[in-house]
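**Q** Would you be able to build a 3D model of this:
(chains A and B)
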Amino acid sequence: MIWQLDLIILTLIILCAFATISVQDLLSAAIIFGAYSFLMCLLWTEMGSVDVGFTEAAVGAGVGTVFCIAAVFQTTRKVKVDHQMNPSKFIGLLAASFIGIVLLIAQGDFPAWADPDSPASRYLSPHFITNTIAETSVPNIVTSVLADYRGFDTMFETAVIFAAGVAVFAILRRGRGKEENDQAVAAGTEDVNQDLIIQWICRQLVPFMQLFALYVVAHGHHSPGGGFQGGVILGASFILLQLTYDLKTVLQRMSERWNVLLGNLGVFIYAGIGLLCLVLGANFLDYSVLSKILPATSPIMARSHGMLGIEIGVAIAVMAIMIGIYTNLSSHGDHEQGL
Amino acid sequence: MNDFFLAVGIGLCLLITLTLYRVILGPTVIDRIMGVNIIGTKTTILLIVIGIIYRRVDMFVDIALAYALLNFITTIAASRYFQRHKNLSPLGFGFRYKKEAGK
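**A** The predicted structure follows:
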């Protein structure tokens, strides 16, 4: 921890948070929230949790703000403000300040930052720190905890993202009626002029983004990163294509059918590897038993390979769902014209 | 040497503060978009500086690369928004809602 940087970044974060909730324009709020995300990523990396910082970097810069802008684009920028102070608001303010004061008093009892005697770092952490390499041969402890020691948890996190994607489909996706169809054909003729320079540069950049995403997925064992971050960067590359070209170009390359199929496939790969372990006679998601079917692999290396397998599954699912959410949000569910 | 990089980091943080002034109080949304873009650029460098202070640049360079690759997507999305909605600063947006609405 570098306290000088800590102090400045925390102050700026609080300023950003207040500005986000008090500004009367939803587009500005989304953009200030982008700055908040940058500062949050700085704070986390500065405290040494690089994996969390990486997730914030990928989600905050790649998709989070873009989702907000797409939602504002399809709805409205206006905030309905009620300047009268009615009793229910007053009670809410009172309750919020009371809970805030209680939390502030309670945080005095917390252990100091990185205290080796705190309960959290006495019980399980020493086991992970001393035994991870011997048990799984993965140098990045975070990856091994996330994908192996608590793989069950991560599987349901992936399922939650999948559920979010399905919910967006269920709420927003709609076909077009006949009248709307005629309108859309008429509207489709007016072409929004795209800038040649931006198009060309983004077209050159997208392959490198995807290559970097694959590196993040595959190298998650040794450096920060993994399935979630890689999947978000892959999804962001497709979102960039949608922004600089149009929705049709991307739907030609990644049709809705494929998109849904890939989202399912990713979760299926994760759960399938778990089930495979069960079939081979071990517990669910106990990868060491995979050494029976992987040639020339010790049980320890099998755990490492099993983690790579589920990271790939997570990346595919997250990528497909990010593309699906953006496509539906930006085109209001009819997949005709995006942002 | 560590002191030098710490000073660089604090300097970058102060520059972020100056940019954040424009982001929070900027009269139009365009000011805010530019400000966030600049904060993203400074974040990229600051991440590397923190990595040097911790002597683990290899851990931080990936995050900085991700920012370098993804930083401009938000800017492009916001610009596309204004390609469709031409009104840059409609009345009644900003912190001084009541005053502007009363004009």
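**Q** I'd guessed residue A:54 sits against residue A:227; true?
**A** No - here residue A:54 does not reach residue A:227: they are 11.8 Å apart, not a contact under Cβ atoms under 8 Å. Yep, even glycine has a C-beta here, placed from its N, CA and C like the rest.
**Q** which residues does residue A:237 contact?
**A** Residues counted as contacts of residue A:237 (Cβ atoms under 8 Å, 6 or more residues apart in numbering or on different chains) are A:206, A:209-210, A:213.
**Q** rerun that using 6 Å as the cut-off
**A** Contacts of residue A:237 were listed using Cβ atoms under 6 Å, 6 or more residues apart in numbering or on different chains, and they are A:206, A:209-210.
**Q** Identify, from those residues, the entry nearest to chain B.
**A** Relative to chain B, the closest of the contacts of residue A:237 is residue A:209; by Cβ to the nearest Cβ it sits at 5.2 Å.
**Q** Quick one: name the residues of chain B near chain A.
**A** Within chain B, the positions adjacent to chain A are B:9-10, B:13, B:20, B:23-24, B:29, B:32-33, B:36, B:39-40, B:43, B:47, B:50, B:59, B:62-63, B:66-67, B:69-71, B:73-74, B:76-78, B:80-81, B:93, B:97 by Cβ under 6 Å from any Cβ of the partner chain.
**Q** which of those residues are buried?
**A** Burial by neighbour count, 16 or more other Cβ atoms under 10 Å in any protein chain shown: within those this picks out B:9-10, B:13, B:20, B:23-24, B:29, B:32-33, B:36, B:39-40, B:43, B:47, B:50, B:59, B:62-63, B:66-67, B:69-71, B:73-74, B:76-78, B:80-81, B:93, B:97.
**Q** Look up how far residue A:213 lies from residue A:338.
**A** Separation of residue A:338 from residue A:213 (Cβ to Cβ, to the nearest Å) stands at 21 Å.
**Q** Same check on residue A:63?
**A** 13 Å.
**Q** just residue A:131 next, same as before
**A** Using Cβ to Cβ, residue A:131 is found at 31 Å from residue A:213.
**Q** now swap in residue A:6 and tell me
**A** 31 Å.
**Q** Comparing the two, which shows the higher neighbour count?
**A** Shown here are residue A:6 and residue A:213; by other Cβ atoms under 10 Å in any protein chain shown, residue A:213 has more neighbours (26 against 16).
**Q** Just give the nearest non-adjacent residue to the more buried one, would you?
**A** Computed as Cβ to Cβ, 6 or more residues apart in numbering or on different chains, the closest residue to residue A:213 that is not its neighbour in sequence is residue A:233, at 3.8 Å.
**Q** okay, now that neighbour: neighbour count?
**A** Residue A:233, neighbours per other Cβ under 10 Å, totals 33.
**Q** Residue numbers of chain A in contact with chain B?
**A** A:4-5, A:8, A:12, A:19, A:24-25, A:27-28, A:31, A:34-35, A:38, A:42, A:45-46, A:50, A:53-54, A:57-58, A:61-62, A:65-66, A:69, A:73, A:209, A:223-224, A:236, A:240, A:243, A:339.
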